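>>> how would this look folded up:
(one chain, ligands or ions: 1)
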Amino acid sequence: MGPIGIFDSGYGGLTVLGKIRKALPNYDFLYLGDNARAPYGNRSFDVVHEFTWQAVQFLFSQGCPLIILACNTASAKALRTIQQTQLPIHFPDKRVLGVIRPSTESISEWTKTNHVGVLGTQGTIQSNSYAIELEKFAPEVKLFQHACSMWVPLIENNYHESPAGKEIISDDVNQLLTMSEKIDTIVLACTHYPLIENQISKIAGPTIQVFSQGEIVAKKLVAYLQNHQEIDANISKDASISYFTTEHPSVFNDKASMFLGESVAASHVHL
Ligand code: DGL
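Numbering: from 1, shown residues only. Predicted coordinates for the structure are as follows:
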């Protein structure tokens with residue numbers, strides 16, 4: 001038995017962890033942030049895959065039977081290879097899930113105009129993963145995508161409310177909205193973006209709904225565990241949580257509390 005592993009390149013996955021913990025309060029969790037090598041957003045496929053696979057192996061070595069890649073960039077660039085090629089050979093009894101599928105499964109429930117905007121890192125948008133996944137669940141939906149290359153560093157450095165930060169954010173949202181007047185839904189396809197959800201909603205205006213992924217990932221995970229009792233049976237349930245970071249723990253602890261709304265005490269790991 002072991003905890004559910006939650007992985008992100010940095011702090012963004014904490015926004016997902018917060019929602020998952022609410023939905024599964026008795027479960028154990030182990031969070032890993034690869035903060036020393038973040039952001040992943042502008043990195044190549046090969047590098048994101050290599051870093052993510054190292055993280056997955058570490059979380060398995062800690063006893064996690066199931067890992068959630070709470071990072072769109074890792075889900076877009078590494079998940080498929082890990083699920084289809086590496087797990088069957090190296091860890092046939094373990095599971096790794098991402099955050100893109102839960103979102104694309106839900107998009108058609110949210111939009112009325114079938115014109116949906118997606119904001120993400122350069123890596124997520126360039127991979128076209130949202131469009132590819134959406135084609136399976138809602139081919140009638142037209143997707144408009146825009147990469148916000150500066151947002152993760154802005155958020156991590158707490159510059160998103162500075163005048164320059166606000167201007168960059170507003171410019172990116174408006175670039176997305178000029179792609180179609182009919183967009184009625186914006187999906188925040190990066191786990192860092194919930195921290196600026198209010199800012200984005202204000203720019204988008206009252207007729208456009210803005211969705212973060214945390215709640216939907218949590219809801220789909222609960223359903224997954226109900227349908228996969230053999231995985232659920234291997235997850236320990238003592239309501240414990242521990243944190244690992246590839247950065248210095250003091251750096252992680254400071255910023256993590258901003259994302260999670262409570263203080264944390266992380267341990268260091270070198271991947
Ligand atoms: N939080 C990650 C995501 O959801 C991206 C952060 C990064 O660029 O490393 O895409």
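>>> contacts for the longest helix anywhere in the chain?
In the chain, taking DSSP state H as the definition, the longest helix is helix 45-61. Helix 45-61 is contacted by residues 5, 7, 9, 30, 32, 34, 37, 40, 43, 67, 69, 73-74, 77-79, 81-82, 86, 91, 94, 96, 123, 127, 244, 269, 271 when judged by CB atoms under 8 Å, 6 or more residues apart in numbering. (Glycine included, C-beta is placed from N, CA and C.)
>>> for stretch 217-226, same thing?
Taking CB under 8 Å, 6+ apart as the rule, stretch 217-226 contacts 16, 19-20, 22-24, 68, 70, 97, 99, 101-103, 105, 231-232, 235.
>>> quick one: buried residues of the longest helix of the chain?
Going by neighbour count (16 or more other CB atoms under 10 Å), the buried part of helix 45-61 is Val48, His49, Phe51, Thr52, Trp53, Ala55, Val56, Phe58, Leu59, Phe60.
>>> stretch 126-142 now?
Across stretch 126-142, burial judged by 16+ other CB under 10 Å covers Gln126, Ser127, Ser129, Tyr130, Ala131, Glu133, Leu134, Ala138, Val141, Lys142.
>>> farthest pair in those residues?
Among the buried residues of stretch 126-142, the pair separated by the greatest distance (CB to CB) is Gln126 and Ala138, at 21.6 Å.
>>> low pLDDT regions in this structure?
The chain contains no residues with pLDDT under 70.
>>> which stretches of it form strands?
Secondary structure of the chain, counting by DSSP state E: strands at 4-8, 29-33, 66-69, 95-97, 115-120, 142-147, 185-188, 209-211, 241-245, 267-268.
>>> okay, those strands in TSV with distance to the ligand next?
Listed next are the strands of the chain as TSV, based on distance: least, CB to the nearest ligand atom, whole Å:
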stretch	distance to the ligand
strand 4-8	5
strand 29-33	10
strand 66-69	9
strand 95-97	14
strand 115-120	6
strand 142-147	11
strand 185-188	9
strand 209-211	14
strand 241-245	13
strand 267-268	19
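>>> picking up where we left off before, which one of the buried residues of helix 45-61 is nearest to the ligand?
Ranked by distance to the ligand (CB to the nearest ligand atom), these are led by Val48 at 8.7 Å.
>>> list the residues that contact the residue nearest to that closest one when sequence neighbours are not counted.
Leaving aside its chain neighbours, Val48 sits nearest to Lys77 (4.1 Å; criterion: CB to CB, 6 or more residues apart in numbering). Neighbour list for Lys77: Tyr40, Phe45, Val48, His49, Thr52, Gly123, Ser127 [criterion: CB under 8 Å, 6+ apart].
>>> those: which ones sit near the ligand?
Within the set of these, contact with the ligand (CB under 6 Å from any ligand atom) is found for Tyr40.
>>> next one: Gly18 relative to the ligand, how far apart?
14 Å (CB to the nearest ligand atom, to the nearest Å).
>>> distance of that residue from Arg43?
The gap separating Gly18 from Arg43 is 26 Å, by CB to CB, to the nearest Å.
>>> between those two, who's got more neighbours?
Here Gly18 and Arg43 are compared on neighbour count by other CB atoms under 10 Å; more neighbours surround Arg43, at 20 against 17.
>>> now the more buried one: closest residue in space that isn't a chain neighbour?
Nearest residue to Arg43, sequence neighbours excluded (CB to CB, 6+ apart): Gly123, at 6.6 Å.
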